[in-house]
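K.L.:
sequence below, structure please.
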Amino acid sequence: MNGVLGQTGVLMAFVGSLASIGVLGYGLLKHKQGIIRHGRSYSFLLVAGALLATFAMEHALLTHDFSLAYVAANNSKETPLLFTITGMWSALQGSILLWGLVLALYIGGLIFRTRRRTTDELPAWAILISSVVAAFFFALMLGPANPFVHVSGAIPADGNGPNPLLQDNPLVAIHPLFLYLGFVGFTVPFAFALASLVTNRLDEDWITETRRWSLIAWGFLTVGIVLGAWWSYQVLGWGGFWAWDPVENAALLPWLAGTAYLHSSIAQQRRGILRIWNISLIVAAFSLTILGTFFTRSGILQSVHSFSDSSLGPFLLVFFFVAVGVSLALIAWRGDGLRSRQVILPSLSRESAFLVNNILFAVFAFVVLLGTTFPLLIEAVNGAQVTVGAPFFDSFIGPLGIAILFFMAVAPLLPWQKTNRRLIQKRLMWPAIAAAVAVVIEVAAQVHSPGLIFAYPMAVFAGMAALRQAVVHTIYSNRRKDGAIRFLLSRTNGGMLVHIAVVLIALALVSSTSYGQRGSLVLKPGQSTRFDGHTFSYHGVETVASPAKTSLEALISVDGSAALAPEVSQFGNNTEVVGTPAIKPGLIDDVYLTLDLPPKTGNGPATFGVVIQPLVSWIWIAGGLMAAGTAIAAFGTKDVSPLESVEEERETASEEPDRSVTLQ
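P.N.:
Below you'll find the model as predicted:
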C-alpha cells in the first residue's frame, strides 16, 4: 500500500510539473494571459504529489514496511523513533525525494508570493523554469532513484537499520534539512535570472525579485554548513570540524558563489552595474548545487560523509551541463542588453571594493573546485589515484581569507562612485586603531607565525568596521522619528551582524588550528593526570545496552566536573564498532575526549585521545548569529535614510572630492 501510494505521489508530481511546463509555455509563447493564469495552477498538483510521496515514505518507515527495499535497507524495528523519521534522507533514493519535496514547496511559495501577478511573464517564466528542474528530479524517482521499489523475494522480518554514523547524533534530523533548503533554494533566483533573459527584462527588477529568496537560500545553506561541521566534530571522533572532504566542498562551492552574488547584487541595485557578473554568479550557485549532488550521490568520490553509490552520476552530469549550456547561450543572446551603462574604473569606491571581493570569492571557489575535481581528472587521464588534502587548500585559503576579510571591512565603509579621502579616513580610523592594538598585543605575546600576524589584526579590523557601521547607523537613526530600536532590526544591521559572525568564525578557526593541543592519556581506574592545564580523573567503564545499540562507556572527569563518557558502540546486528567522543565545551576552549583503546579488564588501563580546542565553541555561536543576521537582512525594516547619504553629504560640503577617478 505504501509503495502504491508513494509511486502515485511521484507520478502526480511529475505530471504536475510537465503540465505546468506545457500550459505555461504555450501561454507565454502566445502571450495569452488566461492560459498563463491557468498554467500556474498545475504546480499545486506538483506540490500535492510531493507531499503524498513524502507521507507514504514516512508512513512506511514508521510502520516498518520492509516490503519496500529502501525501508528494509535503512530501517529496523530497533531503530529509535528520531532516526526512523530521518531514515528518509539517510540514503540515495530518500534524499532525492527530500530534494523534490523541498523544491515543490519552494515553487508553491513562489506561486503564493506572486499570486497578485498571475499574468506577469517574469514570474511565470520563473515558475516554468523551476518546474523543469522539478520534472528532472521526479523523473529520477520514476527511474534510477525510485524510493518505492519492492524487495525481490521474501519480505524480511527485520531491516538492516541506518548507517551507524547516521543514528549516533540528533543533528541528522536538522543538518540535511537546512542543507537541502539552501541547495534547492537557489533554484528560485536562478529561475528568475533566466526568466529575465528570456523576457528581455534586463534591468534590476529580477534582482529585486530574488533578493529575499537568495538571502533565504544562502541563510539555510550557511546554517546547514555550520551544523555539518558541528556534527562532524561531535560524531567522527577526530577532534576537527572541517577536513576539505569532497562532500564538505560540495556544500561550500554554491555558498561561495551565493555570497559573491549577494554582495555584487547590491552594486547592481544601486548603480546598475555588474549585470553579466550577477547573472553568471547565480547561474554558478545553482549549477554548483547540481554538481555537488553529482559528487555526493554518484559514488564517484570517496568521502566519509557520503553514504550512497548509484547510477545517477551520468544523469546529474548531463543535467549540469544542460543547465550551464542553456544559461550561457541565453547570456550570449542578450549580451548587448546586459552591458552596463556605466563602467568601474580603479578608485577608492564601494563598487571597486565589491568587484575585488567578488574576484577573491571566485578564486576561492576555483581553488576548492580544482582541489575537489583534480583526483577525478587524473584518474580519467591515466588511471592513477591521487588525493588532494588539507595542505593544498590551506596554502591558498589562508591568504585569500585575509584578503577577503580586508575588503569585507572596507567595502561597506567606502562611498559610492567617488573618492572622498576625508570620509574614508573618518570611517576607517577606529577599525585601523583596533587593528594596530591587535598587532601590539601580538608582539607582546611573541606571536611569530606569519599567518597569525596578519590574521588576527585583519579579523579585528573587519569586526570593528562592521561594529562601527552598525553603531553609527543606529545613532543617526535615533535622531529620526523611527527611533533606534526599529533601526536595530534594519537590513543593513542584519548584514553587519553577519559580518561580525564571520569575523568570530575566522578568529575561532585561526585559534583552534594554531593553538590546539593533541595528546594521549593512559589511565587506570582511580588515576589522575594533567594535560595542557586540565586535570583528568578516570573512574572506570560501564556497559550500557539499549534495543538500538550496546555501548562501552569510559567515565572520566575533567577539572572536577561531572564525568564525561566517551564510548564505543555497536548498533543492532552491525559488527562495525563506532566511537563517540565526549566533549566539555567552553568559551575559552573545548576538552575533547575519545576512547581509543578500551581496557581489556575492568581494572585495566584505558587509552584516551584528548584534544584541547581553543575558542571552537565560537564557531557554533557565530553560526547562530549568522542565521539571525540573515533573517534580519531578509525580513528586517528597510533602511529609510542610509548612513552613507548623511555622512557623504556632510563631508562633501567641507571637501571637494577627487574627481580624477570616477564611475563613468
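K.L.:
point out where the stretch 551-664 of the chain drops to low pLDDT.
P.N.:
Within the stretch 551-664 of the chain, the segments meeting pLDDT under 70 span 573-575, 639-664.
K.L.:
which residues in it form helices?
P.N.:
617-635, 643-654 (DSSP state H, counting those that start in this stretch).
K.L.:
which residues are in contact with stretch 120-130?
P.N.:
If you take CB atoms under 8 Å, 6 or more residues apart in numbering as the criterion, stretch 120-130 is touched by 20-21, 24-25, 27-28, 31, 36, 39-40, 43, 103, 106-107, 110-111, 114, 117, 187-188, 190-192, 194-196, 198-199, 201, 205-206, 209. (Each C-beta comes from the backbone N, C-alpha and C, glycine too.)
K.L.:
and these, which of them are in helices?
P.N.:
Per DSSP state H, helices hold the following members of the contacts of stretch 120-130: 20-21, 24-25, 27-28, 36, 39-40, 43, 103, 106-107, 110-111, 187-188, 190-192, 194-196, 198-199, 205-206, 209.
K.L.:
can you show me the helices along the stretch 1-150 of the chain?
P.N.:
Using DSSP H, counting those that start in this stretch, helices in the stretch 1-150 of the chain cover 2-30, 33-40, 43-62, 69-74, 81-85, 92-113, 121-142.
K.L.:
packing partners for the fifth one?
P.N.:
Other elements packing on helix 81-85 under the criterion 3 or more CB pairs under 8 Å, 6 or more residues apart in numbering; DSSP states H and E are helix 43-62.
K.L.:
now find how far off-centre the helix it packs on is within its chain.
P.N.:
Relative to its chain's centre, helix 43-62 lies at 26 Å (CA atoms, centre = their mean, to the nearest Å).
K.L.:
who are the packing partners of it?
P.N.:
Helix 43-62 is packed against helix 2-30, helix 69-74, helix 81-85, helix 92-113, helix 121-142, with contacts defined by 3+ CB pairs under 8 Å, 6+ apart.
K.L.:
kindly recompute the last result at 7 Å.
P.N.:
When contacts are defined as 3 or more CB pairs under 7 Å, 6 or more residues apart in numbering; DSSP states H and E, helix 43-62 sits against helix 2-30, helix 81-85, helix 92-113, helix 121-142.
K.L.:
what would the ones you listed look like in a markdown table with distance to Q385?
P.N.:
Listed next are those as a markdown table, based on distance: least, CB to CB, whole Å:
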| stretch | distance to Q385 |
| --- | --- |
| helix 2-30 | 37 |
| helix 81-85 | 34 |
| helix 92-113 | 24 |
| helix 121-142 | 29 |
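K.L.:
between those, which one is nearest to F536?
P.N.:
Among these, helix 81-85 comes nearest to F536, with 31.7 Å by CB to CB.
K.L.:
return the set of buried residues in the helix or strand containing A332.
P.N.:
Assigned by DSSP states H and E, A332 falls within helix 313-333. Residues of helix 313-333 classed as buried by neighbour count (16 or more other CB atoms under 10 Å): G313, F315, L316, F319, F320, A323, V324, S327, L330, I331.
K.L.:
now do stretch 422-436
P.N.:
So, applying 16+ other CB under 10 Å, buried residues of stretch 422-436: L423, I424, R427, L428, W430, P431, A432, A434, A435.
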